[in-house]
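Student: Structure for the following, please:
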Amino acid sequence: MTSSQARWRSENNTPPPQKIIEVDDTLKADGALRLAHAGTAMLWRGDFQNAKQLLQAMARRLGAQADKKKSNVEMSQAFHLHRQAQAQRARVLGQILIPIEGDYRISLKRAPSAVEACEQAWGPCDGRPSMVSLREWLGVIGAYEWRKKGVRVPALHALRDPQTDDADIHPFYGVFSPVRGEYVDLVAQAPLPSTELAMEIGAGTGVLSAVLALRGVKQIIATEHDVRAVACATFNAHRLGLERRIDVIQCDMFAPQRAPLIVCNPPWLPGKASSSIEKAIYDEDSQMLKSFLSGLKDHLLPSGEGWLILSDLAEHLKLRTREQLMGWIAEAGLKVIDRHDIQPRHGKAFESRDVLSEYRKREVTSLSRLTRS
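Tutor: Model prediction:
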């Protein structure tokens, strides 16, 4: 297989490299970093396990370099510097490429078989060989394992009959995993305005719809624009035995009908997403947040509530102010009748080496109950 015959695969739509050289086990980490920083991609022709070790060595060196560059900066700069560093790291580590055969096999010594993982991420193979960064391929394998194993969601298990099957959520490739449980706990505990009908905007894995169904809501309409997320939420609803109560539909925001409860957990940080999975984290110019607020009034029943689940990390990072958020709520003809807060308990909040750890420690996640003003 030559590079001119291979399809380029990139989840974040990175353009194919302009310069590619073939490398093997003789390449060392320092040499690979020099080539990567110069914009040269390296197509691996050696032992697969050695390629993984090379990638790990490159990552360690980049981590050491980043530690040396740490300095005190204003919090308004910390987030942007953090994202720039992440993007640069991804570009450099993404320069190690591996060839994928037309049947999704990897013709390298000691390469594992991962046909099913590739089919879940990319769809059925069509016989055309392709090329992908080793780092992205490892992400495909990681997502496959998470999908098989599932993610334990304590709030779901608490609502589920302990005598029934587990209540884990199984995320698909490219769909954000509910690894942070705080926002799920909020939805599991807030008082329901109605148990007749609810709508979830941006369902993702469908975890919040599942919580609402297990709390007794008779019908949930879960909307989602991403095809993978639609399939993922549908899969989880069926697996939990809730397919008759959760209807997953593909649309940008609201379903046409009105509901007594509409729930939305938009991306918490203003910023441009660099891949499909990052769209669950970054909301450029707070577009989804604004769209939810501006459209909520017209889709709520007269006595209905909209639940906005949002972290205040953006406020700590000076990316959005509380005054801006309250202004958008008022402009939409809404008011906050109650707010439920919860402190973070995820690992990054207590990881001192994380660049944003000082801000994460002060983070509060809130469920704001909104009604018409």
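
Student: Any figure for the gap between Lys297 and Phe254?
Tutor: Here the criterion is C-beta to C-beta, to the nearest Å. By it, Lys297 lies 11 Å from Phe254. C-beta coordinates here come from the backbone N, C-alpha and C atoms, glycine included.

Student: typed the wrong thing, it's Ala198
Tutor: 13 Å.

Student: which one of those two has more residues nearby?
Tutor: Remark: of Ala198 and Phe254, Ala198 carries more neighbours, 30 against 21, as counted by other C-beta atoms under 10 Å.

Student: that older thread, what touches both of Ala198 and Phe254?
Tutor: Ile262 (C-beta atoms under 8 Å, 6 or more residues apart in numbering).

Student: got the buried residues for stretch 129-145?
Tutor: By 16 or more other C-beta atoms under 10 Å, the buried positions in stretch 129-145 come out as 129-137, 139-140, 143-144.

Student: How about stretch 109-123?
Tutor: For stretch 109-123, burial by neighbour count (16+ other C-beta under 10 Å) applies to 111, 114, 117-118, 120-122.

Student: How many residues are close by Ser366?
Tutor: 17.

Student: Name all residues that make contact with it.
Tutor: 186, 309-312, 339-342.

Student: ok but it is inside a strand, no?
Tutor: Yes: assigned with DSSP: H, G, I helix; E, B strand; the rest coil, Ser366 falls within a strand.

Student: for the stretch 201-350 of the chain, what spans make up the helices?
Tutor: Counting by DSSP state H, counting those that start in this stretch, the stretch 201-350 of the chain has helices at residues 207-214, 227-239, 287-299, 313-316, 322-331.

Student: List the buried residues of stretch 176-186.
Tutor: Buried residues in stretch 176-186 (16+ other C-beta under 10 Å): 176-178, 180-186.

Student: oh, I was asking about stretch 149-163
Tutor: Using 16+ other C-beta under 10 Å as the burial criterion, the residues of stretch 149-163 that qualify are 150-151, 153, 155-156, 159-160.

Student: what does that stretch contact?
Tutor: Contacts of stretch 149-163 (C-beta under 8 Å, 6+ apart): 166-171, 177-179, 181, 184-185, 187-188, 207, 210-211, 214-215, 240.

Student: Hmm, which of the buried residues of stretch 149-163 is lowest in pLDDT?
Tutor: Among the buried residues of stretch 149-163, Arg160 carries the weakest pLDDT, at 83.

Student: any idea how far it lies from Leu214?
Tutor: 6 Å.

Student: what do these two both touch?
Tutor: In the contact map built from C-beta under 8 Å, 6+ apart, the residues linked to both Arg160 and Leu214 are Ala167.

Student: What residues does the nearest residue to Arg245 once chain neighbours are set aside make contact with?
Tutor: Excluding its sequence neighbours, the residue lying closest to Arg245 (C-beta to C-beta, 6 or more residues apart in numbering) is Ala213, at 4.7 Å. Ala213 makes contacts with 220, 240, 242, 245-246, as judged by C-beta under 8 Å, 6+ apart.

Student: Taking the centroid of this protein, which residue is nearest it?
Tutor: Phe176 (3.0 Å; C-alpha atoms, centre = their mean).

Student: Report the helix or strand with the lowest average pLDDT across the protein.
Tutor: Sorting the helices and strands of the chain by mean pLDDT, DSSP states H and E puts helix 357-360 at the bottom, at a mean of 74.

Student: which helices and strands sit right next to that helix?
Tutor: helix 313-316 (3 or more C-beta pairs under 8 Å, 6 or more residues apart in numbering; DSSP states H and E).

Student: neighbouring contacts of the helix it packs on?
Tutor: Residues outside helix 313-316 that contact it (C-beta under 8 Å, 6+ apart): 75, 268-270, 320-322, 356, 359-360, 362-363.

Student: one step back: nearest to Gly46 among the contacts of Ser366?
Tutor: Here the nearest of these to Gly46, counting by C-beta to C-beta, is Ser311; it sits at 44.0 Å.

Student: So what's the residue count around the closest residue to the closest one other than its chain neighbours?
Tutor: Distances taken as C-beta to C-beta, 6+ apart place Trp268 nearest to Ser311, at 4.3 Å, with adjacent residues excluded. Trp268 sits with 23 neighbouring residues when counted by other C-beta under 10 Å.
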